[in-house]
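Q: Give me a model of this one.
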Amino acid sequence: MAPNTYQITVFQAEQNLLSNLISSEKKNGSVLQNLKPIHFADSRHQVIYSNIIQLMLGMTPLDTITLKAQLLKNRQLEIAGGLDYIDSLQSTNNDALLTEEYYRIVLYSSKKKRLGELGDELSGESNDPSVDVGNTMNKAIARLEEINSDNERKPVQTFSSVAENIIYDALKSMDNPDGITGIQTGFLDLDKITDGFNAGELIIVAARPAMGKTAFVMSMLLNSCMHMKNPVAFFSLEMSNQQMVIRLLSQHSGINEDKIRRKKLDQDEFRNLHLKSAEIDDAPLYLVDEPGLTIQRIRFMANRMKHQHGIEMLIVDYLQLIGVSSSRTHSGNREAEISAIMRGLKALARELDIPVIVTSQLSRAVETRGGDKKPILSDLRESGSIEQEADKVLFLYRGEYYGLEQDWEGNPTKDIAEVIVAKNRFGPVGTVRMRFINRFARFENLDEFAGANQYSEVDMENRIKQKYKIFKKIDDDPPF
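A: Okay, the predicted model is just below:
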């Protein structure tokens with residue numbers, strides 16, 4: 001939104017901002033860190049501000065005398081307007097309390113100018129038959145993201161300001177009986193190990209095909225956005241929005257996914273589906289199914305969703321399908337591309353201050369290995385950058401898939417999944433056992449269906465229906 005404190009020209013805002021920086025005893029850290037000379041429209045102001053930064057970096061006291069000396073030293077005094085112009089800045093009549101407002105006006109004007117320049121450039125390329133449309137679109141997305149996020153970084157903070165936030169968070173946690181500080185997944189034992197998924201973290205959920213990666217993150221997002229009311233964005237590079245919704249409805253309703261897809265529902269199932277769909281309607285869940293997403297496009301869209309919907313968690317399914325802008329190729333080196341994507345995802349988590357969860361494939365080395373075939377960190381495809389950038393790495397493993405009837409402790413593996421926390425940058429590692437209901441592609445806390453493996457699929461479906469209380473009295477006739 002454009003600054004609108006009062007009518008002021010960009011030129012006046014630049015003059016007043018420079019005057020305040022020169023005159024104020026307490027320098028504004030966020031302005032000095034985030035503003036660049038290029039953001040000033042007037043070429044004299046670009047030179048003056050550049051010299052102000054040089055003085056500040058050199059720990060030299062800043063006033064008109066030291067500024068003029070610095071300009072003379074750099075032989076830039078004349079192109080900065082001369083002695084009289086520098087003196088005039090000190091005498092500019094303005095309110096030091098409006099420094100932040102002047103700063104916003106300068107930035108806003110700079111962004112408008114850069115958008116105009118980008119528009120002219122894209123217009124020229126769109127009329128050139130030799131230019132590839134895909135390259136132009138990718139460049140536009142990358143440049144728009146750059147303009148949107150430029151100079152909105154966090155300012156330098158003092159120890160006391162950071163410590164104050166830590167103490168405040170500690171005070172809040174005293175009233176939190178479970179002590180979980182991050183976004184809760186709804187999986188109780190997993191949250192105890194990970195402390196939830198915390199802001200700024202990049203979390204990798206990895207497994208071999210058919211282990212249930214998508215089912216796991218979908219179960220997690222339903223828990224998070226339905227029960228904890230956390231706004232969640234889900235980016236799928238593999239499924240359409242319709243396919244995602246069918247899977248979510250199957251998970252939540254306890255109706256087989258194939259029945260929903262083929263529309264083979266009896267009256268009770270239709271009522272159930274109708275009720276459960278209405279429940280998910282109230283959840284702050286945002287779906288994106290754009291194919292061929294690049295890391296630049298993901299960052300651009302996630303920034304917009306953060307501002308528009310206040311998303312608190314982002315899930316991307318899955319890593320190996322994410323592309324990079326063709327204008328930034330790595331000579332076909334997929335490992336280098338994955339490294340760039342991981343850095344981009346980590347930067348996005350920090351930038352939006354939310355946890356970013358990304359599913360990933362494991363290499364075939366798991367299948368060729370003997371024993372129980374449990375995954376290890378080196379099984380990550382393009383493992384170096386993934387392991388390095390990720391704050392948490394979770395592996396999904398089902399012994400039943402490999403024909404094992406018991407684990408090494410003698411526990412039955414039927415309908416059981418293990419979530420192996422293989423990396424946890426700020427906490428312990430460990431393994432959590434969960435119930436995996438294959439028919440509905442859903443993960444549950446193990447004790448939610450204690451002894452569930454003793455029941456048939458029909459019994460299991462009835463227990464799920466009972467849990468979700470679908471036997472509510474509604475009109476005898478289905479709501480067609």
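
Q: Show me which parts of stretch 432-446 are buried, residue by residue.
A: Of the residues in stretch 432-446, 432-437, 439-446 count as buried by neighbour count, 16 or more other CB atoms under 10 Å. Using the backbone N, CA and C atoms, a C-beta is placed for each residue, glycine as well.

Q: and Gly410, which of the three is it?
A: coil (DSSP: H, G, I helix; E, B strand; the rest coil).

Q: how close does it get to Gly371?
A: According to CB to CB, to the nearest Å, Gly410 stands 16 Å off from Gly371.

Q: Could you identify the helix or strand that succeeds the helix or strand hosting Asp120?
A: Counting by DSSP states H and E, the element that carries Asp120 is helix 99-126. Counting by DSSP H and E, the next helix or strand C-terminal to helix 99-126 is helix 133-149.

Q: Give the buried residues for that next one.
A: Using 16+ other CB under 10 Å as the test for burial, helix 133-149 gives Thr136, Asn138, Lys139, Ala140, Ile141, Ala142, Arg143, Leu144, Glu145, Ile147, Ser149.

Q: Can you lay out those residues as JSON lines showing distance to Leu273 and pLDDT?
A: Shown next, in JSON lines, are the buried residues of helix 133-149 (distance: CB to CB, whole Å; pLDDT from 0 to 100):
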{"residue": "Thr136", "distance to Leu273": "44", "pLDDT": "80"}
{"residue": "Asn138", "distance to Leu273": "40", "pLDDT": "75"}
{"residue": "Lys139", "distance to Leu273": "44", "pLDDT": "76"}
{"residue": "Ala140", "distance to Leu273": "41", "pLDDT": "80"}
{"residue": "Ile141", "distance to Leu273": "37", "pLDDT": "76"}
{"residue": "Ala142", "distance to Leu273": "42", "pLDDT": "73"}
{"residue": "Arg143", "distance to Leu273": "44", "pLDDT": "77"}
{"residue": "Leu144", "distance to Leu273": "40", "pLDDT": "78"}
{"residue": "Glu145", "distance to Leu273": "39", "pLDDT": "70"}
{"residue": "Ile147", "distance to Leu273": "44", "pLDDT": "74"}
{"residue": "Ser149", "distance to Leu273": "41", "pLDDT": "62"}
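
Q: any chance of those residues in a markdown table, with distance to Asp353 too?
A: Formatted as a markdown table, the buried residues of helix 133-149 follow (distance: CB to CB, whole Å):
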| residue | distance to Asp353 |
| --- | --- |
| Thr136 | 32 |
| Asn138 | 26 |
| Lys139 | 28 |
| Ala140 | 26 |
| Ile141 | 22 |
| Ala142 | 22 |
| Arg143 | 24 |
| Leu144 | 21 |
| Glu145 | 17 |
| Ile147 | 20 |
| Ser149 | 13 |
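
Q: closest to Gly427 among those?
A: Distance ranking of these against Gly427, using CB to CB, places Ser149 first at 29.8 Å.

Q: Which strands or helices does the helix holding Asp120 pack on?
A: helix 10-23, helix 29-34, helix 133-149 (3 or more CB pairs under 8 Å, 6 or more residues apart in numbering; DSSP states H and E).

Q: looking at these, which has the lowest confidence?
A: In terms of average pLDDT, helix 29-34 trails the rest of those, at a mean of 66.

Q: domain parsing for this protein?
A: Following automatic domain parsing, one finds the domains of the chain at 10-149, 182-467.

Q: re the thing from before, please produce JSON lines containing the helices and strands packed on helix 99-126, extended by distance to Glu201.
A: Formatted as JSON lines, the helices and strands packed on helix 99-126 follow (distance: least, CB to CB, whole Å):
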{"stretch": "helix 10-23", "distance to Glu201": "36"}
{"stretch": "helix 29-34", "distance to Glu201": "24"}
{"stretch": "helix 133-149", "distance to Glu201": "19"}
